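Peer 1: Next one to model:
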Amino acid sequence: VEVLAGLESPLVGFWRRVPENIVHDFAGDLVTVRPQHAGSLVVEALAPLGAASLGEWRPAVVGLAELRVEEDDWPAAPPGGGGRRRRRGPARLVAQLRTGERCVVTKGPGGVLDLSSERPLGALRLLPLPREAPPAAAAAATPADRPAVATALRIQGLVRAWYGPHGEEVVHLSVEMDEEGSLRDAQGAVQAPQVGFPRVVGLKVRGDRNVPAGHLTFVAALQGAMDVGQMLQDDRPVTSHGAWGSMVDLAPRARRTALWARAPG
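Peer 2: Next up, the predicted model:
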């Protein structure tokens with residue numbers, strides 16, 4: 001399908017749906033595009049369903065569209081006259097939406113996959129996940145930063161977490177080594193410019209009203225080693241403002257913590 005449609009980058013894999021209007025739709029979706037049968041792809045949203053805890057996570061699969069390559073045919077007179085034959089036009093990628101509508105699929109700036117129909121409520125635009133830094137990027141860090149950068153590189157990718165009353169959410173973790181490979185806003189400006197490089201970035205793929213999908217949930221610096229032991233000796237309580245509120249003791253969590261990093265806020 002990708003070859004016939006003349007696409008420069010693959011379709012199969014994970015994408016993210018960013019809400020068009022976060023006032024009414026802030027959750028977003030983790031979306032997968034996979035082969036369905038010969039000559040077609042299926043687009044599905046993966047969302048948590050009825051999970052009471054992380055151990056009971058059950059994804060709901062919602063079909064969004066089917067993608068298929070079509071070619072326009074039109075009559076053409078063969079050389080020398082006599083008889084007529086069909087002539088094939090350029091191939092195009094067409095989406096059959098779950099609403100029953102059909103539209104031509106286009107790829108825009110930044111790799112955006114647009115499956116939007118002409119109806120006002122037919123907007124369906126999928127964005128690629130942020131680019132992940134290669135493992136070899138740790139070599140570019142200073143010796144003091146290298147251990148933290150190497151750890152962050154190992155935990156890049158999609159993670160899920162329980163956000164109390166908001167339920168299950170999905171975050172994409174990526175390491176940004178410099179400004180060139182950093183996430184940017186709609187105006188092209190680097191997000192969270194107050195945090196230097198290298199850094200680890202958490203982007204909400206499926207979010208909530210507080211931090212909607214498509215927004216950063218944290219940006220943490222990876223410069224300089226942290227004295228975790230000294231930090232844990234600080235006996236000031238850490239308060240978790242959940243549905244009931246609780247006091248958090250970081251010491252028991254230290255052995256299960258993959259990475260300690262500084263972040264504003």
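Peer 1: Can you give me the neighbour number for residue 180?
Peer 2: 8 (other Cβ atoms under 10 Å). Every residue, glycine included, has its C-beta placed from N, CA and C.
Peer 1: Run the chain-centre distance for stretch 168-179.
Peer 2: 9 Å (Cα atoms, centre = their mean, to the nearest Å).
Peer 1: list the buried ones in it?
Peer 2: For stretch 168-179, a neighbour-count test (16 or more other Cβ atoms under 10 Å) marks 168, 169, 170, 171, 172, 173, 174, 175, 176, 177 as buried.
Peer 1: before we move on, what SS does residue 138 have?
Peer 2: Classification of residue 138 by DSSP: H, G, I helix; E, B strand; the rest coil places it in helix.
Peer 1: What's the separation between the closest residue to residue 166 other than its chain neighbours and residue 220?
Peer 2: Leaving aside its sequence neighbours, residue 166 sits nearest to residue 208 (Cβ to Cβ, 6 or more residues apart in numbering; 4.0 Å). Separation of residue 208 from residue 220 (Cβ to Cβ, to the nearest Å): 20 Å.
Peer 1: all helices of the chain, in order?
Peer 2: Secondary structure of the chain (DSSP state H): helices located at 146-154, 228-232.
Peer 1: So which bits of the first one are buried?
Peer 2: If I follow you right, that is helix 146-154. For helix 146-154, by 16+ other Cβ under 10 Å, it's 146, 148, 149, 150, 151, 152, 153.
Peer 1: can you check stretch 254-265 too?
Peer 2: Neighbour-count burial for stretch 254-265 [16+ other Cβ under 10 Å]: 259, 260, 261.
Peer 1: swap in stretch 207-223?
Peer 2: For stretch 207-223, by 16+ other Cβ under 10 Å, it's 207-208, 211-215, 217-223.
Peer 1: Restrict stretch 153-172 to CA atoms and write it as CSV.
Peer 2: The C-alpha trace of stretch 153-172 is given here as CSV (Å, rounded to 0.1, in the frame of the first residue of the first chain):
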residue,chain,number,x,y,z
LEU,A,153,17.9,6.4,26.4
ARG,A,154,17.1,2.9,27.7
ILE,A,155,13.6,3.9,28.9
GLN,A,156,12.6,5.9,25.8
GLY,A,157,9.3,5.0,24.1
LEU,A,158,5.7,4.6,25.2
VAL,A,159,4.8,4.1,28.9
ARG,A,160,1.5,4.0,30.7
ALA,A,161,0.6,5.1,34.2
TRP,A,162,-2.3,5.3,36.5
TYR,A,163,-3.4,9.0,37.1
GLY,A,164,-5.7,8.5,40.0
PRO,A,165,-9.3,9.6,39.2
HIS,A,166,-8.3,10.3,35.6
GLY,A,167,-7.6,6.6,34.9
GLU,A,168,-4.9,5.2,32.7
GLU,A,169,-2.9,7.5,30.5
VAL,A,170,-0.1,7.1,28.0
VAL,A,171,3.1,9.1,27.8
HIS,A,172,5.9,9.0,25.3
